[in-house]
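Chemist: just a sequence and a predicted model for now, questions to come.
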Amino acid sequence: MRECEIFERDVRIRHQKEQQKAEAVREKLERERLAIEESRRQQLQSKQQETEAERKLGELYAKELARITSEQQDLERKKELAKRKQNMELRKMQQQQIREVEQRRAKEKAEKLVEEKQVFVELKKDDDIFKDFVAKEIENFKIQGKGNKRIALLEKSLNS
């Protein structure tokens, strides 16, 4: 009988320990779940605050741009009025300068064309000299019976 009581007591103690362990695990999971929910809530709140701050910053930026643009437009109107007054005198000077520039450009263009023709003639001479040299080298290699590979490379450079 005593053994049965001890056995029953041990079984009860074991069940209590298992229940306590299960309860501890459940409480731990509940704490973790609550912590996760709190973290998510804080992240959402933080994101909303950032979005609101970005929106406010955007509004401030737009207002500042509008103010700057308005100031710039006023300044530009004032400058435009001042320029209109000067344009009558400057227009005559500009027309004279345009004629002078056109004459100078025509002269420079003619000089550049002459120079380019001279350079072209010199390059043509250099190219002809090079082609003659390559042709002679090909003939020398053929006479000597040396490497078809060298001849092919020289012919390729001659044809390009």
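Modeler: Sure thing, it's come through.
Chemist: for the rest of this, base every contact and every neighbour count on C-alpha atoms.
Modeler: Noted.
Chemist: which residues touch residue 10?
Modeler: For residue 10, the contact set (CA atoms under 8 Å, 6 or more residues apart in numbering) is empty.
Chemist: tell me the helix or strand right after the host helix or strand of it.
Modeler: Using DSSP states H and E, residue 10 sits within helix 2-144. Sequence-wise, the next helix or strand downstream of helix 2-144 (DSSP H and E) is helix 148-159.
Chemist: now do the buried residues in that following helix.
Modeler: Buried residues in helix 148-159, counting neighbours by 16 or more other CA atoms under 10 Å, are found at 151, 154-155, 158.
Chemist: name the spans of the protein whose pLDDT lies under the cut-off.
Modeler: 146-147 (pLDDT under 70).
Chemist: ok, now with 80
Modeler: For the chain, residues meeting the criterion pLDDT under 80 lie at 1, 88, 145-154, 157-160.
Chemist: most distant residue from the centre of it?
Modeler: residue 1 (87.9 Å; CA atoms, centre = their mean).
Chemist: ok, residue 122 to residue 38 distance?
Modeler: Distance of residue 122 to residue 38, given as CA to CA, to the nearest Å: 83 Å.
Chemist: how many other residues sit next to residue 138?
Modeler: 21 (other CA atoms under 10 Å).
Chemist: list the residues that contact the closest residue to it other than its chain neighbours.
Modeler: In space, and not counting its chain neighbours, residue 138 is closest to residue 151: 5.7 Å by CA to CA, 6 or more residues apart in numbering. Applying CA under 8 Å, 6+ apart to residue 151 gives the contacts 138, 141-142.
Chemist: again, only this time at 10 Å
Modeler: Contact partners of residue 151, counting by CA atoms under 10 Å, 6 or more residues apart in numbering, are 134-135, 137-142, 145, 157.
Chemist: so which of those residues comes closest to residue 77?
Modeler: Closest approach to residue 77 among these (CA to CA): residue 157, at 64.6 Å.
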